[in-house]
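Engineer: sequence unavailable; structure follows:
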């Protein structure tokens, strides 16, 4: 059995991951933002569910919590950096303060958590780091530019870190969910104020569709958790785990668009080398 550290377990996918791990017999340390959520989480299993109140944007607190978990609960075998939220709005209408706040949680919060566990995993020469990005970290979507930007940034960090720590027996997996039946599009979504009518024709249908789909998304959080546990048990886990049929379709379309540009502009791309290097 393993010891998990999962950030953001009060609701959504984080909660599903934690519940599945507990049901499989693992020990889970889950972070939450409120004391009441900590009590509720511990009640899931008084012996193997351990709650910690944590704001992942507080760097010192993140490192302190990880050190405390290592000392009082046990060696962290699996980190799932899940804490994050959505920010909806066109880029021009999104205040830069809101963009910074989005990156503070989705990028720097995850980065701090990964940095905090790495010394312990590196010393033991084993461990698995997973971070929840999004299909929006592999394909951009109008109306959530800040969110996609944060998830693209996290994807880049994870890919590079995975190459750095592979020699130490540490696996790194980016988990890229599509639309799941969580409150991501509801309570967990922050919305930038609308102010520019020019975007109405583009953005209003996007917002309406998101409201309409909330609670009826294709993705089942319990099935996502089962998939994550399967990856954790794999001897050679993937670097990328796309979850959901919508995510698979949209990520494939996004990558095909990049490939099309590479092919169409290949000659111009190659023309920028010094002649002797061609």
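Structural biologist: Alright, I've got the coordinates. Just so we're clear, the structure is a prediction, and the values are computed from it rather than from any experiment. Residues are numbered from 1 along each chain as shown.
Engineer: count of residues packed around the residue lying closest to residue 86 once chain neighbours are set aside?
Structural biologist: Nearest non-adjacent residue to residue 86, counting by C-beta to C-beta, 6 or more residues apart in numbering: residue 189, 4.6 Å away. Every residue, glycine included, has its C-beta placed from N, CA and C. Under the neighbour criterion other C-beta atoms under 10 Å, residue 189 is assigned a count of 17.
Engineer: list the contacts for residue 189?
Structural biologist: The contact partners of residue 189, by C-beta atoms under 8 Å, 6 or more residues apart in numbering, come to 85, 86, 87, 88.
Engineer: pull the longest strand from the chain.
Structural biologist: Assignment by DSSP state E gives strand 170-177 as the longest strand of the chain.
Engineer: that one: partners in the sheet, and parallel or antiparallel?
Structural biologist: Partner strands and pairing direction for strand 170-177 (DSSP bridges) are strand 127-132 (parallel), strand 240-243 (parallel).
Engineer: now it: average pLDDT?
Structural biologist: Per-residue pLDDT over strand 170-177 has a mean of 98.
Engineer: now swap in stretch 100-110 and tell me
Structural biologist: The model assigns stretch 100-110 a mean pLDDT of 98.
Engineer: next, the buried residues of it.
Structural biologist: 101, 102, 103, 105, 106, 107, 108, 109, 110 (16 or more other C-beta atoms under 10 Å).
Engineer: export the residues you listed as JSON lines, with columns for distance to residue 78 and secondary structure.
Structural biologist: Shown next, in JSON lines, are these (distance: C-beta to C-beta, whole Å; DSSP: H, G, I helix; E, B strand; the rest coil):
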{"residue": "101", "distance to residue 78": "28", "secondary structure": "helix"}
{"residue": "102", "distance to residue 78": "26", "secondary structure": "helix"}
{"residue": "103", "distance to residue 78": "25", "secondary structure": "helix"}
{"residue": "105", "distance to residue 78": "21", "secondary structure": "helix"}
{"residue": "106", "distance to residue 78": "20", "secondary structure": "helix"}
{"residue": "107", "distance to residue 78": "21", "secondary structure": "helix"}
{"residue": "108", "distance to residue 78": "21", "secondary structure": "helix"}
{"residue": "109", "distance to residue 78": "18", "secondary structure": "helix"}
{"residue": "110", "distance to residue 78": "15", "secondary structure": "helix"}
